[in-house]
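Trainee: mind folding the following:
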Amino acid sequence: MRLFAILALAAMGTPSVGQSLFLRDDRPPLNTAGRPDTTASLDGLSLLFVEPPKPKVFKLHDQVTIIINETSRSQSKQKLDTKKDYRLDAALKEFPDLAALLDGVLESGASSPIVGVDVSGKNAFKGEGTYERSDRLSDRITATIIDVKPNGVLVLEARRAIRKDKEVQTVVIAGNARTDDVTDANTILSSQLADLAISVQNDGRVKDSSEKGLIPRVLDAIFAF
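Mentor: I've put the predicted structure just below:
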């Protein structure tokens, strides 16, 4: 009897409805024209959808770290070789007879050469010069955005001065950067900057000791040729 009562209650109860967690409406959203919007987000249509991060907005006076890794090498070689030979040979073979000229008669004097000139010379010059320089600069410096162009290009400028005892090193870097080149860590490579300008100025005793004094510079100017 009890079994029949349980079966009757089960029959009178609300039927259960099963639904899968993976059953989703896969119809794409519609645009204003009633057609499928191909530019709409896939969120809601795919379980594997990952929304890309929104582009970062940069403003004036924001800061970006510039990673400097610049290597430059220049080499120049010049060679000059000149040679000049000249010779001058001249002689005065005829001259009016002075005695006859006093009598009003114009006639040639002695036929042998009276005056002779023989000049010769030689000039040679050979010069050779070689110039070679190699520089490398690696550093990290934080720049400030001083301007944002209408197309989104950032104008960066960084300035740093390091003073140690009586030595001062000043580093100035400037350039234009695209916002897409700035990483999520807010850094950018110096090679990605357009119109890149780097200035490194050292002042102090070390710089002064590497330069020539007044007298050597005067001698170099006098004997430069």
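
Trainee: mind listing the strands for the chain?
Mentor: 63-92, 115-148, 154-164, 167-177, 187-189, 194-203 (DSSP state E).

Trainee: and those: which comes nearest Asn31?
Mentor: The closest of the strands of the chain to Asn31 is strand 115-148. By Cβ to Cβ, the value is 32.7 Å. Yep, even glycine has a C-beta here, placed from its N, CA and C like the rest.

Trainee: now the strands of the chain as JSON lines including distance to Leu102 and mean neighbour count?
Mentor: Output for the strands of the chain, formatted as JSON lines (distance: least, Cβ to Cβ, whole Å; neighbours: other Cβ atoms under 10 Å):
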{"stretch": "strand 63-92", "distance to Leu102": "21", "mean neighbour count": "11"}
{"stretch": "strand 115-148", "distance to Leu102": "21", "mean neighbour count": "11"}
{"stretch": "strand 154-164", "distance to Leu102": "94", "mean neighbour count": "15"}
{"stretch": "strand 167-177", "distance to Leu102": "89", "mean neighbour count": "17"}
{"stretch": "strand 187-189", "distance to Leu102": "99", "mean neighbour count": "17"}
{"stretch": "strand 194-203", "distance to Leu102": "85", "mean neighbour count": "12"}
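
Trainee: okay, the ones you listed in JSON lines with distance to Lys56 and mean pLDDT next?
Mentor: Conversion of these to JSON lines gives the following (distance: least, Cβ to Cβ, whole Å; pLDDT from 0 to 100):
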{"stretch": "strand 63-92", "distance to Lys56": "10", "mean pLDDT": "82"}
{"stretch": "strand 115-148", "distance to Lys56": "12", "mean pLDDT": "81"}
{"stretch": "strand 154-164", "distance to Lys56": "11", "mean pLDDT": "91"}
{"stretch": "strand 167-177", "distance to Lys56": "12", "mean pLDDT": "91"}
{"stretch": "strand 187-189", "distance to Lys56": "12", "mean pLDDT": "94"}
{"stretch": "strand 194-203", "distance to Lys56": "19", "mean pLDDT": "88"}
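
Trainee: closest to Pro53 out of these?
Mentor: Short answer: strand 187-189, nearest of the strands of the chain by Cβ to Cβ, at 16.1 Å.

Trainee: quick one: contacts of that closest one?
Mentor: Val64, Thr65, Ile66, Ile67, Asn69, Ala177, Asp181, Val182 (Cβ atoms under 8 Å, 6 or more residues apart in numbering).

Trainee: how close does the third one sit to Ala161?
Mentor: Spelled out, that is Ile66. Ile66 sits 16 Å away from Ala161, going by Cβ to Cβ, to the nearest Å.

Trainee: what does Arg140 give?
Mentor: Distance, Arg140 to Ala161, by Cβ to Cβ: 16 Å.

Trainee: list the contacts of Arg73.
Mentor: With Cβ under 8 Å, 6+ apart, Arg73 has these contacts: Glu132, Arg133, Ser134, Asp135.

Trainee: then Tyr131?
Mentor: In this structure, Tyr131 makes contact with Ser74, Gln75, Ser76, Lys77, judged by Cβ under 8 Å, 6+ apart.

Trainee: of those residues, closest to Leu154?
Mentor: Distances from Leu154 to the contacts of Tyr131, taken by Cβ to Cβ, are shortest for Ser74, at 30.1 Å.

Trainee: wait, that closest one touches Arg133, no?
Mentor: Yes: with contact defined as Cβ atoms under 8 Å, Ser74 reaches Arg133; the gap is 5.2 Å.

Trainee: what domains does the record give for this structure?
Mentor: 63-73+135-216, 78-129 (automatic domain parsing).
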